[in-house]
Structure formats: structure tokens, C-alpha cells
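A.B. asks: whatever this is, show me its structure:
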Amino acid sequence: MLELRPNCECCDRDLPPDSKDARICTYECTFCADCAEVKLKGVCPNCGGDLVPRPIRPAAKLLKDPASTRRVLKPQGCAV
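C.D. replies: Below you'll find the predicted structure:
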């Protein structure tokens, strides 16, 4: 099951579980759409994989399987 991390690793923008702006790779590295498309050109800086829209977990399912609260942030920012 996906963690649904709460923020962009580049800019620390909040990405709630229902955000249509969240992008992830196969390792669940998480970025906002702006960073993923503009800064990273659709490629994860950690693994080199594609960044794709993160699925949205229905609100009723979040009660049983809540989103992660662990924030991941690259203090040096993301590669351009």
C-alpha cells in the first residue's frame, strides 16, 4: 500500500492525500507537479525513474489506512 507522503521532497509543499498535484516514482519519492515537471523534467532525482500522478485513496479508506505523516525533504533542494 502506498504511504501517501505529505509533502514535496524539493520545496516542502503540502500534498494532502487527495492532492491531484502529487507525483511519485516506483519508490514513492514524492514531489509536487511544479517541481516534478519544471525542475525535474519528469525524472526522479533519487532513482532515475518516471514521476507519475499519485493515486488518490478514497476518504473512507483513509480511516482504516491513513496517509503517512513522515515528511521527507532534501535540505539542498532538488537538482535542476
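A.B. asks: from residue 53, how far off is residue 76?
C.D. replies: 26 Å (Cβ to Cβ, to the nearest Å). C-beta: built from backbone N, CA, C; applies to glycine.
A.B. asks: more neighbours, those two?
C.D. replies: Set residue 76 next to residue 53 and count neighbours by other Cβ atoms under 10 Å: residue 53 wins out with 13 against 6.
A.B. asks: residues contacting that one?
C.D. replies: 20, 22-23 (Cβ atoms under 8 Å, 6 or more residues apart in numbering).
A.B. asks: among those, who's most crowded?
C.D. replies: Counting by other Cβ under 10 Å, top hit in these: residue 22 with 26 neighbours.
A.B. asks: identify the bridge partners of that residue.
C.D. replies: residue 32 (DSSP bridges).
A.B. asks: so it touches residue 34, yeah?
C.D. replies: No: assessed by Cβ atoms under 8 Å, residue 22 is found out of contact with residue 34, at 11.3 Å.
A.B. asks: quick revisit: of the contacts of residue 53, closest to residue 65?
C.D. replies: Proximity of the contacts of residue 53 to residue 65 (Cβ to Cβ) peaks at residue 22, which lies at 16.4 Å.
A.B. asks: that older thread, any chance of the contacts of residue 53 in TSV, plus distance to residue 46 and pLDDT?
C.D. replies: TSV is the format used below for the contacts of residue 53 (distance: Cβ to Cβ, whole Å; pLDDT from 0 to 100):
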residue	distance to residue 46	pLDDT
20	22	97
22	16	98
23	13	98
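A.B. asks: tell me which of those residues is nearest to residue 2?
C.D. replies: residue 22 (10.1 Å).
A.B. asks: and residue 51, what does it touch?
C.D. replies: Residue 51 neighbours (Cβ under 8 Å, 6+ apart): 23-25, 29, 31, 36, 40, 42-44.
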